[in-house]
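**Q** sequence first, predicted coordinates after that:
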Amino acid sequence: LAKTTQPISMDSYEGQEVNITCSHNNIATNDYITWYQQFPSQGPRFIIQGYKTKVTNEVASLFIPADRKSSTLSLPRVSLSDTAVYYCLVGEESGGGADGLTFGKGTHLIIQP
Amino acid sequence: KAGVTQTPRYLIKTRGQQVTLSCSPISGHRSVSWYQQTPGQGLQFLFEYFSETQRNKGNFPGRFSGRQFSNSRSEMNVSTLELGDSALYLCASSLSITSGTQYFGPGTRLTVL
């Protein structure tokens, strides 16, 4: 599975747009990019998945440049409840396979009033 | 549709004991994966079951085992507990082993004294 690098932590304020960038220089042709959100003492929750260009759902947008070596998760108008750890994963569509889902350290996003 | 459920939510055991954790996947999901989450190691893949067969296994000692029943419910067992086994154990389900996003349960918090 491709290794990912993302910031350890980020701070923002309520109402702002937050962009979290993930680097995955050795992403393979068949790999998708998936983001999960995790609150303390809860299981990770799927946010969004994409292969290229832009994907948008009711929660977030995912921007993937043409070379696919990085991706940016965009959270519009964040609130205090968006404070969580965000994980970027790169792998086949299921994200699983022989090694299961491989989670890095994630980005600890802290939203302040 | 009900989400992934895990029982018990909290458990306290002493060194040397064994423990069994249970996971009920989302209805219709046939794949169940188990993960261990600790502050030091983060989220680590334990194993994955599909159609009552273990398909993949992470790098954990043989004290960690699991099984899946015909109704897709899964259990994991840890024998001869060690202090380092204290962790949040997460179960995730997906439609099949090769497709779909994994949906996580709330986890079982195991404390070994």
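**A** Everything's here; your move.

**Q** okay, residue 66: pLDDT?
**A** Looking at chain A here, since you left the chain open. Here the pLDDT value assigned to A:A66 is 95.

**Q** um, chain B though
**A** On the pLDDT scale, B:G66 gets 97.

**Q** before we move on, what about A:E93?
**A** pLDDT, A:E93: 62.

**Q** pLDDT below threshold where in chain B?
**A** B:1, B:97-100 (pLDDT under 70).

**Q** write out the residues of it neighbouring chain A.
**A** Residues of chain B lying near chain A by Cβ under 8 Å from any Cβ of the partner chain: B:4, B:31, B:33, B:35, B:42-43, B:45-48, B:56, B:58, B:88, B:90-92, B:94, B:97-107, B:109. In this view, the C-beta of every residue, glycine as well, is placed from N, C-alpha and C.

**Q** can you flag which of the residues you listed belong to strands?
**A** B:31, B:33, B:35, B:42-43, B:45-48, B:56, B:88, B:90-92, B:94, B:103-104, B:109 (DSSP state E).

**Q** picking up where we left off before, for PyMOL, what selects the buried ones among the residues of chain B next to chain A?
**A** The following PyMOL line selects those of the residues of chain B next to chain A that are buried, judged by 16 or more other Cβ atoms under 10 Å in any protein chain shown:
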select buried, chain B and resi 4+31+33+35+42+43+45+46+47+48+56+58+88+90+91+92+94+97+100+101+102+103+104+105+106+107+109
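
**Q** bridging residues for B:L21?
**A** B:M76 (DSSP bridges).

**Q** just the helices in chain A please.
**A** Using DSSP state H, no helices are found in chain A.
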